[in-house]
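Trainee: Need the 3D shape of this:
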Amino acid sequence: MTACRYDGSFEGFLCAVADCLEAGEGQPEFVWDGDRQAGGLFAGDMRETVTVRECAVAFRKRFVDAVSQEAFATARYAFHSRMAGIEMLLWRYLMMGLQVGGRLCLMLAEEPVHSVNRIARQVSHEAHKFKGFVRFQEVEAGFLYARIEPGADILPFIAPHFVERVGDRPWMIHDLYRKQSAVFDLKSWRLIKDVELTSEPGVTAGEHDYAALWQRYFQRHAIAERHNPKLQQKHVPLRYRKHLTEFNSYTEKAIATEDTEENQAIMN
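Mentor: Model (predicted):
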């Protein structure tokens with residue numbers, strides 16, 4: 001069994017699939033650069049795949065023409081789950097699509113179609129959530145900065161959304177878990193890998209004020225009689241709250257100080 005090493009990108013994976021098809025590989029293994037354990041396991045029989053955009057585009061066209069754009073988008077979302085074994089699942093999905101054509105989208109009860117569709121829905125759902133969960137901070141370096149720790153590799157899906165929504169300021173969305181960032185420079189966005197946070201970014205004084213106002217709004221807007229922690233946790237799970245401004249402790253302290261000053265002013 002031959003193992004194909006690729007660079008970890010979706011384009012690289014498509015190039016690896018195209019290489020295996022051309023070589024007539026029936027059941028290849030796929031290893032990406034970040035998977036050190038697998039790299040050592042298959043080091044003796046490794047096929048190196050070079051990522052060539054034209055090759056990836058050609059395979060995409062072949063698959064879309066044979067099946068559909070929807071099926072290709074499903075494969076892309078599923079790939080970005082980065083689940084163990086996702087490449088082999090997608091290999092079977094892509095090969096089945098080239099064999100059965102447009103009927104692939106109707107075979108929802110069959111494997112691997114069922115699993116790929118389920119995983120793709122999960123990734124799409126998480127990407128949709130983070131379009132509302134990203135919280136930018138204005139840092140002293142002169143750009144907007146946001147931290148996220150999603151379960152899936154969703155930066156390629158949410159970055160275009162923020163280009164449209166926050167297109168008048170340079171920004172960075174930092175995936176701490178994967179050590180990569182989507183960076184927008186007022187012209188276009190790009191993905192940068194191996195980005196680590198060595199220290200807390202210094203935020204502007206105005207940012208602290210706006211964060212405190214947002215925290216105050218979040219607390220004061222709530223109706224005490226309708227307080228429902230279970231429902232709130234359903235819509236905003238605990239794992240998403242770590243980097244949400246309205247749940248940050250430093251803004252709570254700022255509000256507590258402000259409330260104390262207000263109370264003292266009233267008493268005086």
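
Trainee: residue ranges of the helices in the stretch 1-150 of the chain, please?
Mentor: 10-23, 36-41, 53-66, 69-79, 86-100, 113-133 (DSSP state H, counting those that start in this stretch).

Trainee: Those into JSON lines, with extra columns for distance to Leu231, mean neighbour count and mean pLDDT?
Mentor: Glycine gets a C-beta too; all of them are placed from N, C-alpha and C. Shown next, in JSON lines, are the helices of the stretch 1-150 of the chain (distance: least, CB to CB, whole Å; neighbours: other CB atoms under 10 Å; pLDDT from 0 to 100):
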{"stretch": "helix 10-23", "distance to Leu231": "36", "mean neighbour count": "21", "mean pLDDT": "94"}
{"stretch": "helix 36-41", "distance to Leu231": "41", "mean neighbour count": "12", "mean pLDDT": "50"}
{"stretch": "helix 53-66", "distance to Leu231": "41", "mean neighbour count": "15", "mean pLDDT": "97"}
{"stretch": "helix 69-79", "distance to Leu231": "28", "mean neighbour count": "20", "mean pLDDT": "98"}
{"stretch": "helix 86-100", "distance to Leu231": "33", "mean neighbour count": "19", "mean pLDDT": "96"}
{"stretch": "helix 113-133", "distance to Leu231": "16", "mean neighbour count": "18", "mean pLDDT": "96"}
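
Trainee: Report the spatially closest residue to the residue nearest the centre of the chain, excluding sequence-adjacent ones.
Mentor: Centroid-nearest residue in the chain: Ile154, 1.4 Å away (criterion: CA atoms, centre = their mean). Leaving out its chain neighbours, the residue that sits closest to Ile154 by CB to CB, 6 or more residues apart in numbering is Ala127, at 4.3 Å.

Trainee: Leu191 too?
Mentor: Ala182 is the one closest to Leu191 (CB to CB, 6+ apart), at 5.8 Å.

Trainee: In contact with the one you found, which residues are there?
Mentor: When contacts are counted by CB atoms under 8 Å, 6 or more residues apart in numbering, Ala182 touches 155-156, 158-159, 162, 172-173, 189-192.

Trainee: With Lys129 instead?
Mentor: The contact partners of Lys129, taken as CB under 8 Å, 6+ apart, are Tyr240.

Trainee: repeat for the one 4 residues further on
Mentor: The contact partners of Phe133, by CB under 8 Å, 6+ apart, come to 148, 236, 240, 243-244.

Trainee: if I look at the closest residue to Arg135 other than its chain neighbours, how far off is Phe133?
Mentor: Spatially, and ignoring its direct neighbours in sequence, Arg135 is nearest to Thr245 (4.6 Å; CB to CB, 6+ apart). From Thr245 across to Phe133, the span is 10 Å (CB to CB, to the nearest Å).

Trainee: Can you flag which of the contacts of Ala182 belong to strands?
Mentor: Judged by DSSP state E, the contacts of Ala182 include 172-173, 189-192 as members of strands.

Trainee: From those, list the buried ones, please.
Mentor: Buried by 16 or more other CB atoms under 10 Å: 172-173, 189, out of the ones in strands among the contacts of Ala182.

Trainee: how close does the closest residue in space to Val100 that isn't next to it in sequence sit to Glu22?
Mentor: Nearest residue to Val100, sequence neighbours excluded (CB to CB, 6+ apart): Met107, at 7.1 Å. Distance of Met107 to Glu22, computed by CB to CB: 26 Å.

Trainee: for Pro112, same thing?
Mentor: Separation of Pro112 from Glu22 (CB to CB): 22 Å.

Trainee: ditto for Met88
Mentor: From Met88 to Glu22 the distance is 19 Å (CB to CB).
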